[in-house]
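Participant: Sequence first, predicted coordinates after that:
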Amino acid sequence: MTMAQEPPPGDHINISFSGAVTGSQIAAGRSVHQRQEHRTAPDTAALEDALAGLRRDIAALTEGEDRTEGNALVDELQSQAAAGRPVHGVGARLRQWIADHAPGLLESVTTVVVPVAVRAAAAAADDAITSMLPPGS
């Protein structure tokens, strides 16, 4: 003989969902506490400023195909950083391009632009990971 155990007295909450539930917060019960954080990459503005300065310098020091190629590398660096993807590969290619076509900019790229891009990429990746975590994590 099996005895059914009665639930303890008090509130009984049952919640169920069917289908995909995304981009929403759902809570049921008493004394529910939720917290949601949305952080923006603090280095986004610094990256944009650094890249705008680099584009101005490339425009002043190069022309034609060289300028187009340099700007394409800068665009790729910005895109990778904004997407939270690693920037080391494109950063290395950009440094090499600078060394070959505008060596006067090498120190600026190495000490300012690439480190700012790395921080922006890390912040963007952190935001992407944080957005996938349950609220309050």
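Facilitator: Perfect, thanks for sending it. Numbering: from 1, shown residues only.
Participant: my read: A99 touches V109, true?
Facilitator: No - at 9.0 Å, A99 does not count as touching V109 under the criterion of CB atoms under 8 Å. (C-beta placed from N, C-alpha, C; glycine too.)
Participant: Which one of those two is surrounded by more residues?
Facilitator: Neighbours were counted for A99 and for V109 using other CB atoms under 10 Å; V109 has more, 24 against 13.
Participant: List the buried residues for the helix or strand encompassing A99?
Facilitator: Remark: A99 resides in helix 88-101, with elements defined by DSSP states H and E. By 16 or more other CB atoms under 10 Å, the buried positions in helix 88-101 come out as 90-91, 94-95, 97-98.
Participant: before we move on, what SS does P86 have?
Facilitator: Of the three states, P86 takes coil under DSSP: H, G, I helix; E, B strand; the rest coil.
Participant: since we're on it, how many residues are nearby?
Facilitator: 13.
Participant: Could I get the contacting residues of it?
Facilitator: For P86, the contacting residues are 80, 121, taking CB atoms under 8 Å, 6 or more residues apart in numbering as the criterion.
Participant: What separation do you get for it and V114?
Facilitator: Shown here: P86 relative to V114, a distance of 12 Å by CB to CB, to the nearest Å.
Participant: again, but for R55
Facilitator: Taken as CB to CB, the spacing of R55 relative to V114 amounts to 15 Å.
Participant: which of those two has more neighbours?
Facilitator: V114 (21 against 16).
Participant: Looking at the buried residues of helix 88-101, spot the one nearest S131.
Facilitator: V90 (24.3 Å; CB to CB).
Participant: these two touch, right, that closest one and L73?
Facilitator: Yes - in this structure V90 lies within contact range of L73 using CB under 8 Å: 6.5 Å.
Participant: Count residues in the vicinity of D66, would you?
Facilitator: Here the count is done by other CB under 10 Å, and D66 has 15 residues near it.
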